[in-house]
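>>> I need the structure of the sequence given here:
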Amino acid sequence: MKTLASFFLRGKPWQIFVVVAGLYAVGMSAIVDPMLPFPTPHAVVTRATMLSGLVAAVSTLGLLVWLWSMGSFFNSIVVTNLKMREGLFRTALVYPPVYIAWYISTFPISGIRKFLVDFLLALPGMFCVVYLFVFVSKTLVMTETGEPATFSDYAGPFFLLWFFPVGIWIIQPRVNRLYANRRLQGQTLA
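Numbers count the residues shown, from 1 in each chain. Prediction:
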């Protein structure tokens, strides 16, 4: 895992873009075929839809590993009194791919119960994604400034992460700079 984190921390923006956006695009295009034609009300879950759910979950891993690499690294080098607890961060990394796999694999099932379950399970998923962006953007700003950060301080990186295909090109050079500085100082890296 250390080598994987190192790649995401020292990688050029185009490399990170290829991995994150490329893995996502390939994964999403791979799941479209089994989902067509659209399901009937009495459709059943098949192996193809279960496999599609797994592929969809794996397609998000590029983004999640990038976020994990940055969040863990920033939190490890931020001033001690500014460190954030990582328990919720780790949970927020795991929940979205599990939910996506479940949702896609049960896509052919329809009905009001399925809708309610999907809705109730999607809410924590949305919270997790937002929290990941908050954690990474806030620890980035606190690492760079050495001071506590309010939302207005880390709003820029937050929205750049939210629109990650564009944000990669702006955030990754900052990550590279922090990683290179830490290596020059000879400190243990994530």
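>>> Skip ahead from the longest helix seen in the chain and say which helix or strand is next.
Assignment by DSSP state H gives helix 112-145 as the longest helix of the chain. The helix or strand immediately downstream of helix 112-145 is helix 151-162, counting by DSSP states H and E.
>>> and that next one, which residues are buried?
Asp153, Tyr154, Pro157, Phe158, Leu160, Leu161 (16 or more other Cβ atoms under 10 Å). All C-beta spots, glycine's among them, are computed from the backbone N, C-alpha and C.
>>> which strands and helices sit next to that helix?
In terms of contacts (3 or more Cβ pairs under 8 Å, 6 or more residues apart in numbering; DSSP states H and E), helix 151-162 is packed against helix 112-145, helix 164-184.
>>> OK, contacts around the nearest residue to Trp169 once chain neighbours are set aside?
Nearest residue to Trp169 in three dimensions, chain neighbours excluded: Pro13, at 4.8 Å (Cβ to Cβ, 6 or more residues apart in numbering). Applying Cβ atoms under 8 Å, 6 or more residues apart in numbering, we find Pro13 in contact with Ile168, Trp169, Gln172, Pro173.
>>> How far away from the center of its chain is the helix or strand harbouring Met28?
Here Met28 sits within helix 13-35, counting by DSSP H and E. Averaging C-alpha positions (Cα atoms, centre = their mean, to the nearest Å) puts helix 13-35 13 Å from its chain's average.
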